[in-house]
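Peer 1: Quick one, what's the 3D model for this:
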Amino acid sequence: MIGTLIGPIAGNGRKRAWMGAATALALATTGTARAADSANADADGQDGPRQIRVIGHPDPEGLLPDQQVPKAVSTIGAAFIEKQAATFNAFQLVNILPGANVAGTDPFGLSTSSSLSLRGLGQDAIGVTMEGAPQNDIGYYYAYPAQFADAENVARVELSQGSADIAAPVVNAVGGLLALSLDAPHRDFGVLADASVGSFNERRGFVRVDTGTIGNTGLRAFVSYSNNQADNWRGPGVDKRQHIDAKIAGEWGNGNTASLSVSYNDASNSTYLSPTLADWQAQGRGYNLSASYGSGDLNYWRLYRQPFRNLYFAAPLHLALGTGLTLDTTSYLQFGYGNSPYGASIGPDGYYPGTYLGTQALDAPLKLAGTENGGTVNVLGNWLGEQMRAGQIARLTLKRGAHTLTAGLWIDYGSDRVVESFTPLNANGDPVDGWGHDEPAVHTADGRLYSLADTKTITVAKAFFLADSIALSPKVTLDLGFKGVDLLHAGRNNLPGNQGRIHFDSFAALPRAAVHVQVSDRQQIFANVTTNFRAPDEYTLYDTYDGYGGIASYGTTALKNEYSLAQELGWRWQGRNLSASATGFHYAFRNRLVATMANVNGALVNTTLNGGRQESWGVDAEVDWRPLAGMSLYASGEWLRARIKDNLPADGDYLPTAGKVAVSSPNWQFALGGTYDDTRLFGSFALKYLGPQFATFMNDERIAGYATLDLSVGVHLAGWLDGKRTDLRLNAINVTDPHVLSGVQAVTPAARDTVGTGGTLIAGQAPTYYIGSGRAFMVTLARQF
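Peer 2: Numbers count the residues shown, from 1 in each chain. Presented below is the predicted three-dimensional model:
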């Protein structure tokens, strides 16, 4: 996936981030049209009258659908999704699932400043797929849910807390897999439109048209468009998002299916500042950007607007080849371009003197008005990215007797250009070009682009996998598998200096095994052992320059892959009115890579730290009770014990971190949720509590535990109108409005000065945090035509 990586803003108002456009993805039918009976109709291929479901029809599986896989899996389905705020993104939707630690910064899910961790493992350690295609940034492994599908089009969000499927096209899933599934185009013509208004000037419109079956072709298609805009709930700024999705699908023969999905996303987001603990204690929610440029305020909010666009194609294919043999392929193609800028200045008194390009001294002043005679000029600092990604995953499955054999290949090619250039400002402080294009940017006297970073990286992932699912008896199944993954980063640092081309190539061997026992019609037990890996991100490979002819930090290809060995032992009960599951888990990590921010000449850049070994133990549990038709009551929880096993290298010494609690790993979390629909009234609630979590390896700074509550209530109006589906819904987001820090944005080794094991005084560095979003309300009217 092509995505946006947003960093905090340093004390001088500067920020860096990696930005690209993230696939919003291929969509299928609106989330309001996903009743269980229509899903069954799609599955069995029968045509017939079919209505678009707008909102609120009960899901007979409640909030804990039946599962048969030999691993921990939790699912959010349509009955819950369609009752949430229409702007909610995938991270917000899975917040109540066990192990999910979601740190959001705005109530409507528009901001790219958010994070998801699972069982204490960060966002860059979680694989994300949509319709089987990867959504993680290939260079930095992050995924950005604000750029995914509209909630109306999401049928199901599945969270595998322990490991990814063997065929999943991801290279970072040591922490599990988030998989989004979309509805199929409807068999009958229909139009769905909904409109939403809410707090902070929130305005959103959505419309979708389904063609129904086209003649005798067996093809169906849809196209949808949404337009969303809201003011920042704190500080100045506005978020804007336009989204288009289209899909055509067909089926023929004995279960053969094919589809082509196209998705386009165009957004411009404002920045929410991420404070240190001292900033938070001093200013609270008032820690914001400036509303006006004034006499040259580089914290002016318009210098931090992040525009991005992306285009995504996906083409899944399923062929029944006969005699128990099937072929499944998914081809995908993605393009993205975007900028994550900041306020800066060039000149003798500025952030950068403008006299060096890399390590090379410039012979003449820059082509920038105001600097010819030694003046200092304010500019827009760009951190822009341009990405292309293409790939295909294919697998053959053969069923013979007690064996189900699978063999597959995956190849992925990505191109990633990252440039930190500078763009002039108008007199009122607005940039002449907010996209960071090369042409209007500042150049050297001899015509070269003036920049502090200019890299291009080619990333190639190649994998093969083999698996066998063996039915040892009618009730016992044994799964064995092996996956081999080769990941190549090959790139070039285009700035003058000691570094030219870089090359990092690694291979990971990933065996796995699992057993599933169907104890009775209602009860299951399972166990598994899996291995996973994650290579260092591409930023760690390159030298960074300080703007004064020196090197701020040296790139390295010596970092090792993170490697994990994980075990799960689980139990499930799937009753008529009550479902429950409990899973005990254990992880052992080598070369634990922890996402954090590197300080480069006052700016903060996303990178990773090698935390050595780590070990985690825990238990996840969830239960769903369906006492009445149309009612589901859900509870989940997690106990986690995550400990660092090694001392952390720092400044030529070691911090005494062995035995400390792992960062962003609360010991306890609990959630309660529920849905209700009696065909006239409907509603839902979601309550989540997260315990305290540390922000440093030394455990010398942490944030307090907190709880959030979301509510919804609605009414089906069709009976009072013309009989056509018309629903009115009120969503109350973060009802209790707690003033809290919702998560850790930038982990550091230690917040305070610490004496290392060798006697060296190691300087502390303050972590930064996400500020939890404020309370908001949203009213949505949905109508079928």
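
Peer 1: what stretches of the stretch 451-600 of the chain score poorly on pLDDT?
Peer 2: Of all residues in the stretch 451-600 of the chain, those with pLDDT under 70 make up the ranges 594-600.

Peer 1: Residue 205 contacts residue 227, correct?
Peer 2: Yes - taking CB atoms under 8 Å as the contact criterion, residue 205 and residue 227 are neighbours in contact, 5.2 Å apart. (C-beta placed from N, C-alpha, C; glycine too.)

Peer 1: Could you find the closest non-adjacent residue to residue 364?
Peer 2: With CB to CB, 6 or more residues apart in numbering as the criterion, residue 364 has its nearest non-adjacent residue at 3.6 Å, and that residue is residue 445.

Peer 1: need the contact list for the one you found.
Peer 2: Neighbouring residues of residue 445 by CB atoms under 8 Å, 6 or more residues apart in numbering: 362, 363, 364, 365, 366, 367.

Peer 1: Just say helix, strand or coil for it.
Peer 2: Counting by DSSP: H, G, I helix; E, B strand; the rest coil, the backbone at residue 445 sits in coil.

Peer 1: Which pLDDT value belongs to it?
Peer 2: With respect to pLDDT, residue 445 scores 92.

Peer 1: What separation do you get for it and residue 638?
Peer 2: 59 Å (CB to CB, to the nearest Å).

Peer 1: Please apply the same query to residue 562.
Peer 2: In this view, residue 562 and residue 638 are 22 Å apart by CB to CB.

Peer 1: Name the residue in these two with the higher neighbour count.
Peer 2: Counted by other CB atoms under 10 Å, residue 562 and residue 638 do not tie: residue 638 has more neighbours, with 28 against 24.

Peer 1: Would you agree that one is in contact with residue 622?
Peer 2: No - with contacts defined as CB under 8 Å, residue 638 does not count as touching residue 622, sitting 9.5 Å away.

Peer 1: residues shared between the contacts of the two?
Peer 2: residue 98.

Peer 1: CA atoms of stretch 426-437 as PDB?
Peer 2: Output in PDB follows, covering the C-alpha atoms of stretch 426-437 (Å, rounded to 0.1, in the frame of the first residue of the first chain):
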ATOM      1  CA  ASN A 426       3.400  34.100  -1.000                       C
ATOM      2  CA  ALA A 427       3.300  37.300   1.000                       C
ATOM      3  CA  ASN A 428       0.400  36.000   3.100                       C
ATOM      4  CA  GLY A 429       2.400  32.900   4.000                       C
ATOM      5  CA  ASP A 430       0.600  30.400   1.700                       C
ATOM      6  CA  PRO A 431       2.900  28.200  -0.400                       C
ATOM      7  CA  VAL A 432       2.900  28.800  -4.100                       C
ATOM      8  CA  ASP A 433       2.500  25.000  -4.600                       C
ATOM      9  CA  GLY A 434       1.500  22.800  -1.700                       C
ATOM     10  CA  TRP A 435       2.200  19.600  -3.600                       C
ATOM     11  CA  GLY A 436       6.000  19.900  -3.600                       C
ATOM     12  CA  HIS A 437       6.400  19.600  -7.400                       C
END
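
Peer 1: Let me see the mean pLDDT of that stretch.
Peer 2: Taken as a whole, stretch 426-437 carries a mean pLDDT of 93.

Peer 1: same thing with stretch 326-336?
Peer 2: Across stretch 326-336, pLDDT averages out at 95.

Peer 1: Which of the residues in it are classified as buried?
Peer 2: Neighbour-count burial for stretch 326-336, counted by 16 or more other CB atoms under 10 Å, picks out 326, 328, 329, 330, 331, 332, 333, 334, 335, 336.

Peer 1: Return the subset of the residues you listed lying in helices.
Peer 2: Judged by DSSP state H, the buried residues of stretch 326-336 include no members of helices.

Peer 1: Closest to residue 167 out of those residues?
Peer 2: Within the set of the buried residues of stretch 326-336, residue 328 lies nearest residue 167; the separation is 8.2 Å, counting by CB to CB.

Peer 1: quick one, what contacts that closest one?
Peer 2: Contacts for residue 328 were tallied using CB under 8 Å, 6+ apart; they are 316, 317, 318, 319, 394, 395, 397.

Peer 1: Make a ChimeraX selection of whichever of those turn out to be buried.
Peer 2: The following ChimeraX line selects those of the contacts of residue 328 that are buried, judged by 16+ other CB under 10 Å:
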select :316,319,394,395,397
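
Peer 1: Under the pLDDT cut-off, which ranges of the stretch 51-200 of the chain? List them.
Peer 2: Counting by pLDDT under 70, the low-confidence segments of the stretch 51-200 of the chain come to 51-62.

Peer 1: Leaving out sequence neighbours, find the closest residue to residue 565.
Peer 2: Setting aside the residues directly before and after it, residue 565 is nearest to residue 588 in space (CB to CB, 6+ apart), at 4.8 Å.

Peer 1: where does residue 92 land in three-state SS?
Peer 2: For residue 92, the reduced secondary structure class is helix; criterion used: three-state DSSP.

Peer 1: is it true that it touches residue 104?
Peer 2: Yes - the criterion here is CB under 8 Å, and residue 92 meets it with residue 104 at 6.4 Å.

Peer 1: Roughly how far does the residue nearest the centre of the chain sit from residue 534?
Peer 2: In the chain, the C-alpha nearest the mean C-alpha coordinate belongs to residue 143, at 3.0 Å (CA atoms, centre = their mean). Counting by CB to CB, the gap between residue 143 and residue 534 amounts to 14 Å.

Peer 1: give the contact list for the residue nearest to residue 165 when sequence neighbours are not counted.
Peer 2: Setting aside the residues directly before and after it, residue 165 is nearest to residue 177 in space (CB to CB, 6+ apart), at 6.8 Å. Taking CB under 8 Å, 6+ apart as the definition of contact, the neighbours of residue 177 are 126, 127, 128, 129, 158, 159, 160, 163, 164, 165, 168, 170.

Peer 1: run the last query once more with 7 Å
Peer 2: Contact criterion CB atoms under 7 Å, 6 or more residues apart in numbering gives 127, 129, 160, 164, 165, 168, 170 as the residues in contact with residue 177.

Peer 1: Which of the three states applies to the fifth one?
Peer 2: This points to residue 165. Secondary structure state of residue 165, per three-state DSSP, is coil.

Peer 1: Now do it: how many residues are near it, please.
Peer 2: By the other CB under 10 Å criterion, the neighbourhood of residue 165 contains 20 residues.

Peer 1: Could you check how far it is from residue 74?
Peer 2: For residue 165, the distance to residue 74 (CB to CB) stands at 15 Å.

Peer 1: picking up where we left off before, backbone torsions only: list them for the residue nearest to residue 165.
Peer 2: phi -140, psi 130 (degrees, to the nearest 10).

Peer 1: burial measure for residue 385, as a count.
Peer 2: Applying other CB under 10 Å, we find 28 other residues in the vicinity of residue 385.

Peer 1: How about the backbone phi and psi for the residue nearest to residue 364?
Peer 2: Reported as degrees, to the nearest 10, the phi and psi values for residue 445 are phi -60, psi -30.

Peer 1: Now do the contacts for residue 651.
Peer 2: 760, 762.

Peer 1: how close does it get to residue 592?
Peer 2: From residue 651 across to residue 592, the span is 20 Å (CB to CB).
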